[in-house]
Each structure stands twice: as structure tokens, then as C-alpha cells.
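Asker: Below: sequence and its predicted model.
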Amino acid sequence: MGQTFVVGFIHGGIYALIAAGIVLVYKGSRVLNFAQAEVGTMALYATWWVSGSHHYPYIAGALAAIAFAVLIGLAFERVAVRPMTEAPRVTVAVATIGLLSLALAVEGVIFGPSPRRIPAPISGTGVHIAGVIVSPSELLAAAIVVIIALALSMFLRYTDFGLGVLAAAQDATAARLMGVSHRRVSVFIWGTAGALSAIAGLLIMPTIGFLTPGALAGLFIGGLTAALVGGLNSLSGAFVGGFVVGVVEELIKTQLVSLSVPGITSLGLFAVISAMLLLRPQGLLGGRA
Amino acid sequence: MTEEQTASPWRGWGWLTPHRANIAIVLILFIALPPLTARAMPKWFTGTTTLVFCKAVAIAVAAISLNLLLGYAGQISLGHAALLGFGAFTSGVVTSKYNLPMYVGIPAAALISAGVAFLVGLPALRLRGLYLAMITIAFGFAMQQSVFRTNYLSGGSAGIALPRRVINENDLTNNADFLVVALVLLLIVWLIDVNVVRTKLGRAFKVIREDEAVAQSFGVDVTRYKLTAFVLSGAIAGIGGALYGHSVGFVNGESFGLDSSLLLVIMVVVGGLGSRAAVVTAALIFTIFPHVMETLFPRLLGWHLIIGALLLIFTVARNPGGFAGAMHEARERAEKLRRRAEEDEIEDAGALPKLPSLPRPAGLADRPTADVPIVLHATDISVRFGGLQALSEASIEVPRGKIIGLIGPNGAGKSTLFNAVSGLVRAETGNVTFLGEDITALRPDERARRGIARSFQNIGLAKSLTVLENFLLAQHQVATYGTGTALLYSRRGARIERELGDRAREAVEALDFTRFLDTPVRNLSHGQQRIVEIGCLLVTAPELVMLDEPSAGMSPGAAENLAVRLADLRDELGRTVLLIEHNVPMVLDVCDEVYVLDHGEMLAHGLPAEIAQHPEVIGAYLGATTVGVAP
């Protein structure tokens, strides 16, 4: 049982990063970003190219991935989001579906189906926590998630620009009248979403092992479930939702293994989303949906 | 009837008009020509090439399915490939495990996929927003990872065979022969889709896409119709999936992943949302063209996916109508130019035309006919939006055959009261009684079917639909035929549709708008849209007509004789009217009683003369300068 919670929390934290990206974009642009995790997959090919193929240190590859993901986020903001400021939000969501398709297609066509190996961030023996061996990369993941959660909430709460982002999420017109630049907020949101996507991808990679086109589809479904559980417009809800999803997934894995149903965790996530929409569509911490 | 005519060999063939005969010939050629060509020219149409055609037809069926959902009803599915998958696996189990023929497997596929769609759609479609997209992407992932890998369906992940069994052990091994089956099914699906579009189903889907509140005010049960769209789409996807499976002969979970779902979205959006022919063409091109290119240039393998994704982003960012939309717009522009050259018809017509007087339509089943003296009675209605108390314990009473005015400054809660009465806003406290029945717990569409018709400040019409289509839509509650009748367009359905059409034309003629019959509402001036809206409200002879600032946006000429028309409504048509209006002199002139709202509270109620003299009303609203102006 202890193992379930420890592992669940660590994986849940990574889901929470994707959920935070989804929520941030939803709050700021009122758009559901279906490409939130796939941008990270694309970016991981940069890590593979730098660290795996050219044998530069891991940190260089990781930074390359984050930079690449931010770049994709900014480019998408410029090409699709900004020209569609006045368009119905569904239309912009369909554009993110286009970005998702584009990322999947580029991965499939340029890199092909053969799995690529991404080196582990750190090696070493695991640590015992609550009677469970936690690998160093899992420990690192947990630490990074906590740091990002703290940094993000401090930034949004205690800096002028962060408060401006929150204000724009509440009421875009009022914020604009108060001197918050809509464009800067939008750029910040899509860039941060890209970075979160790449970081989440880097952190989950040791668990997945190999990079293939669409390798992070499961990560996206987990993150989306977390965002729905927490509430689409609640950033703290994203983290709560992430941990809930991580633990539920781990419980399914450990308790229902005897059913020997293939891919049972994906069925579990689907069930969680359905139940959430039926019982509490605004999420645990969300206001009016 | 003469002797000769009775003896004619064509007796009993009267239904075969030249028009219908032409259609029949085209259809027969459509189904027979490709397979015959394939058989006649085996060098050009090898088995592989013909197989590509079979697959393309299956994908075209899938595209029609997604277009019905996304193009008409505006609901996004990102797991459509999984519905195709259920179709393929179902038909696979039926034909290869139970050794039954294809024509059992394919209908079974439609049924199972429809059932699955129902279960998946139920939680998501009660809500407004992108919830179907979210739940279907998780659904597609779960099916690909889990259900499609179970031993029963695919023996782990090995897959399942789909023999083209016709009878006993006889299979349609030749691809050219199977192409006939595929084309026949495409034709059937096409015709069903045609029936969807020309009946209340298609109109309900489209108004839901445009504005769910407007849909409800026309009496459309939004959740039910969204679910209907998804279930129908699921059934067609099942057929498409089974066809695809029988084409390739073998499927596993990998055939129906997220990438396939996304490719379908690309075909439908890039081809042109809501345009059947464009979507089918896009599906055929996206399936056949890459095959041709890859045969000629093997290095181009998969590039159509990148191009497709780029096209999707470009389409939504620059040209949301897709290919078909762009063509349509160009046509519309040309026509506009031509019309402008002829005469300035789109210019606002001066006065408000006489409103249509139509008899009470048949089929108003839900509506109580009791002659209750008080039509509407709303008591102690309170509505709160977050921290804002929009209405506090406001009450209003509307007697039959009267015009009741509701005035008050901006933000006083007038429209909120309308929303509470029509059901779009749920009141915290209070009751709404309509014709003696407590309707507080009813949905907006149920209230509309009981005879409450309302207008919206920003025009409650489906603006991308034509004037005629809006008048048909407005009669949704009188279109008393079931979904099955609609899909088959049976004689009864056709008869009712004809009656609705006649009625709609009569109403449009009464408004003197016949020249705009096939004009999309959004191309009319604001004032003309308002006139169409009011006409639509009256077409079902409602018990209560609620007008929210009808004069806003009307041309001065039309606004001027609005009072006369409102009086006509009451005196000639016997309608009961509740009116929000800023033009206070007009309200005091035409209304029998007036209510005054201020800051969510009912400030005053009385005869127009009393209101004009009411000191608080003058202070709060009319302003000192207006004293003595009215009535």
C-alpha cells in the first residue's frame, strides 16, 4: 500500500505538470489545448538528437527540449492563437488538434516508428521511502514537480506580471483596461505551457523507456484527467487532480492486476473522466465550469 | 381516363418521372461503373489498386459519420476511429467466429457502435463545451490500449480476420466485386444523411451548433439531439469500420488509433464542415492520392499526414469553412454583386410589415388548452450571479390577451427575468406558473413546447441558416414525427415536412419577405433579422410572446409602427405579450399594464397612466425632464 502511494504521488506529480499546462492555457485563452503533451514528445526528439545521438551531456539535451517546446508554443501562439483572438474558442481548440496532428505526423514521417533511447538523467541506487525503493530519477522528478509548483504559484501571486495573468484570466477586458497587455499574457501562457510539456516529458521518460511517435499519449490522457478532476480553471486543482490520478492509476495497477485485462489503467482513466463529468463536471476545486 | 391510357404499358409507373429516372440511371452507373471498369481493365486496376478504392469508400463513409456530428451538430469527437474499430471488430467476430455472412456482420457493427456511442456520449453531452472531445480522446486511447487488445476480440494484439462471407463458405474474394458492396453502402449512408439534413433532425443539429439557448427556445431538447447526433454518427462509423475491415480482411487495435481519428477530423474540417460532397471528396482524395504518390515516389511515404495537419491549422485560422466554405463564399459574393447591380433589395424595407396571422397548427400535444385567465404568473423570483443579486423576489402577472410592459434602467434585471421565465436561468427562489401549471422545474425547451415564445436581444435565430430554414426550425415542436421516420423520410414524415414548408412560406409571404426565402439570415440587415425573428415566434401560435427590446436595431420606419403591430398582435391575433422596451412613450402608449424593475427589485406596477405619474419611477428611470411627456 505504501508503495502505491509513493509511486502514485510521483507519477501524479508528472501528470500534474501536464494538467497545469492545460489549466494555464484554459484560464488564459479559454482554449483546451489538445497538443499539451504531444509538444513535449516532439521536444524529446531534440533531447535524443543532442544527448542520445551526439552524446552531449543529459542537461544539454534537456535544455534543448525545453527550448524547443517553448519555441513551438510561441510559434503556435503567433500563427494560430493571435490571429484568432476574436474567433470562437472551439475553433482555436480545433487548431490545437491541428498542432497535435502535425506533431504526430512529423514524428512518424521524419523519425519513423523505431524506438529511440533517451539516457537517464541520473544514475545510482534507489532510496528507501516508506519501505519502497524509489529510483533516483523518480526522486528527481518529485523534487522538480514541487519546485515548479512553488515557483509557478509564487510567480503568479507575488509578481505584477503574474497577477496580471491571473487578472486577465478572470476578466480579459478589465485587465486590458488596467494596463495588462493581452499579447504578453498570451505569449507567456503558451510559452510556459510548452516548457511544462517538455519538462513533464523528460520526467516521465525513464518510466516509459523508449521514445516513439506519440509516446506521451498516455501522459496527455493522465494530465487531462487530472485537469478535469481538479477543475479546468483551478491551478491548485491541477496538482490535487494529478496526485489523485497518480494514486488511482497505481491502485488499479496493483489491485486489479489479477484481472489480466490489457491496458487496464487507460480504461480506469476513461472511467474516472466519465464519472467526473457525470457527478461533478466543474471538478473538485473548480468554481462554475 | 381514356382506353388507351389504361392500356399503356407504363401503367403503374407514374412515379417514374423523368427526373427520378435520371437519378436512378446516375446511381446505377455510380455503383456499377467502377467495379465493371476494374474487371474490364485488370492491368490498370490491379487487385491492390481496387483495394485502395474499397478502403477509400469505407473512409468516405467514416467521414460522412464525423461530418454529421462535427459539421452539423458542432460536437468534436477525437475518438471516432475507436467507433470504427468497434464496427470492424463486431463484424469480424460475427463473420469469422460465428461464420455468419457479411450482411449480418455489418448491421451488427452499426448497432454495437451506436450503443457504444450512446454510453460514451451520455456523461459528456449533458454539458456545454468541449467535453465530448475530452471524453472521446480518453475513450479512443482506452479502446486502443485495452479493449481492442483483449483475447476475445483480437487474441491479444494479433488481430481478427474479416472474411467477406456472402453465404456459407462463399466469400467475395475479388476486390472489384466487394467494391460494389462498398459503393451500395456508401449510397445508403449518403441517402440517410440527406434525410437527416432535410428533416427536423438536421435543423435541430445545426441550431445546436449555432447557439444552444436559441435551440432551446425553439423547443429543441439539446441533450437529446446531441446524443442522437452522436449515436447516429456512431452507427454510420460502425458501418464504415466494418467496410474498412472487410476491405483489408484483417484488423487489430493499431488500425484504429488516435492518428486515424485525427486524420478523419482533418478530412472533415479541411474538406468543409457540413458539406457532404466536399467531405466525401476529401476522404477519397486523402486515401487515394497518397497511395498514388507513394507508389510513384516511395520517399513521400506519410507526407500527406504533415500536409493535412498544416492544412487543418491553416483552415481553422484563415478559412473556417474549409474548401466547400470557400467555394460557397465566392458564390455568395458573386450573387450579392449581381443582386446589388439589379436593385438594392438587401436595403432595409421601410415599415414593419403586417405580422403573419396563421391558424393554430396541429400537433401541439404538450400544450394545455385550458382557458386560464392568467397566462403567466412568476412569483418571488430571485437570481444571483456570483456576488451579483440580479433579481430579488420579483413577481409579475400576465393576463390573457394583454400587452404587459417591463421597463427599467440598464442592468435592472429585465432580461434576467425573461431568462428565468423561459428557463435559461435557474431561479434561486420563486415559482413560475404558466397556464395554471407549475413549470419551475422544467427545461427551457419543455417550456417552449408549452407555448412560451421569446425573442433575444441579439436575435434568436440560427444565423447561418436561410430564412426558410429558420421558419421550419421554429416549427420544431409541431414536427411530430420520430427519428426513424426522419431517417427513412417515410410518407408521413414527408407529408408533415410539406405542411411545415407551406406554413413557413405563408408566413414569409405575409411578412413580404419572399425574396429572402433562401437568403442566410446573417446576410439580412439587423432590422430585417428582427422581423424574421418575430415572424418565427408567431408561426406556432404561442400562448405567450416575450419580446426583448424588439425595436433595437429596427429602421426608424419599422420602429415607428411597431406599436401598431403590437396592438394588432393583441387585438387581431389575440396573443398575449410580455414586452421589454426602452422606448418608454411607446410602452406607455401600447401596454395595458406596466412593471418597473430597478436593481433587481420590482419598483412599481400599474396602468400606464399611473406609472407615468409615479414619483419613484420618475426619479429612478424616467428622469425629471420626461415628466408630462407621456402618454
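Answerer: Sure, I can see it.
Asker: A:A62: neighbouring residues, count only.
Answerer: 24 (other CB atoms under 10 Å in any protein chain shown). Every C-beta, even on glycine, is put in place using the N, C-alpha and C of the backbone.
Asker: Please disregard the earlier target; I meant B:V251.
Answerer: 28.
Asker: same thing with A:R183?
Answerer: When neighbours are defined as other CB under 10 Å, A:R183 has 11 of them.
Asker: got a list of contacts for the lowest-mean-pLDDT helix or strand in chain A?
Answerer: Sorting the helices and strands of chain A by mean pLDDT, DSSP states H and E puts strand A:127-129 at the bottom, at a mean of 75. For strand A:127-129, the external contacting residues (CB atoms under 8 Å, 6 or more residues apart in numbering or on different chains) are A:V6, A:I133, A:V134, A:P136, A:L139.
Asker: how does it look with 6 Å?
Answerer: A:V6, A:V134 (CB atoms under 6 Å, 6 or more residues apart in numbering or on different chains).
Asker: How far off centre is it?
Answerer: Taking CA atoms, centre = their mean, to the nearest Å, one finds the center of strand A:127-129 at 26 Å from the center of the full chain.
Asker: partner strands of that strand, parallel or antiparallel?
Answerer: Pairing partners of strand A:127-129, with direction, according to DSSP bridges: strand A:132-134 (antiparallel).
Asker: what mean pLDDT would you report for the strand it pairs with?
Answerer: Per-residue pLDDT values across strand A:132-134 average out to 78.
Asker: Show me what counts as buried in that strand.
Answerer: By 16 or more other CB atoms under 10 Å in any protein chain shown, the buried positions in strand A:132-134 come out as A:V134.
Asker: What of stretch B:133-149?
Answerer: Using 16+ other CB under 10 Å as the test for burial, stretch B:133-149 gives B:133-149.
Asker: quick one: which of the residues you listed sit in helices?
Answerer: Among the buried residues of stretch B:133-149, the ones falling in helices (DSSP state H) are B:133-145.
Asker: Take the residues you listed and write them to CSV, including pLDDT.
Answerer: Putting those into CSV (pLDDT from 0 to 100) gives the following:
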residue, pLDDT
B:A133, 94
B:M134, 94
B:I135, 95
B:T136, 96
B:I137, 95
B:A138, 96
B:F139, 97
B:G140, 96
B:F141, 95
B:A142, 95
B:M143, 95
B:Q144, 93
B:Q145, 92
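Asker: For chain A, tell me which of those residues show up nearby.
Answerer: When contact is defined as CB under 6 Å from any CB of the partner chain, these meet chain A at B:I135, B:A138, B:F139, B:F141, B:A142, B:Q145.
Asker: can you pull the contacts of the second one?
Answerer: Spelled out, it's B:A138. Shown in contact with B:A138 (CB under 6 Å, 6+ apart): A:I221, A:L269, A:F270, A:I273.
Asker: Ok, the fourth one next?
Answerer: B:F141 makes contact with A:A217, A:I221, A:S266 under the criterion CB under 6 Å, 6+ apart.
Asker: Before we move on, what's the pLDDT of the first one?
Answerer: So the one you mean is A:A217. Value for A:A217, per-residue pLDDT: 90.
Asker: what about it, how many residues close to it?
Answerer: 23.
Asker: Past the helix or strand harbouring B:W190, which element shows up next along the chain?
Answerer: B:W190 is part of helix B:175-198, with elements assigned from DSSP states H and E. Using DSSP H and E, the helix or strand that follows helix B:175-198 in sequence is helix B:200-210.
Asker: picking that back up, can you narrow the contacts of B:A138 to ones near chain B?
Answerer: Among these, chain B is touched by A:I221, A:L269, A:F270, A:I273 when using CB under 6 Å from any CB.
Asker: Identify the residue spatially nearest to the closest residue to chain A within the stretch 101-250 of chain B, adjacent ones excluded.
Answerer: Nearest to chain A, among the residues of the stretch 101-250 of chain B, is B:Q145, at 3.2 Å (CB to the nearest CB). In space, and not counting its chain neighbours, B:Q145 is closest to A:G263: 3.2 Å by CB to CB, 6 or more residues apart in numbering or on different chains.
Asker: Thank you, goodbye.
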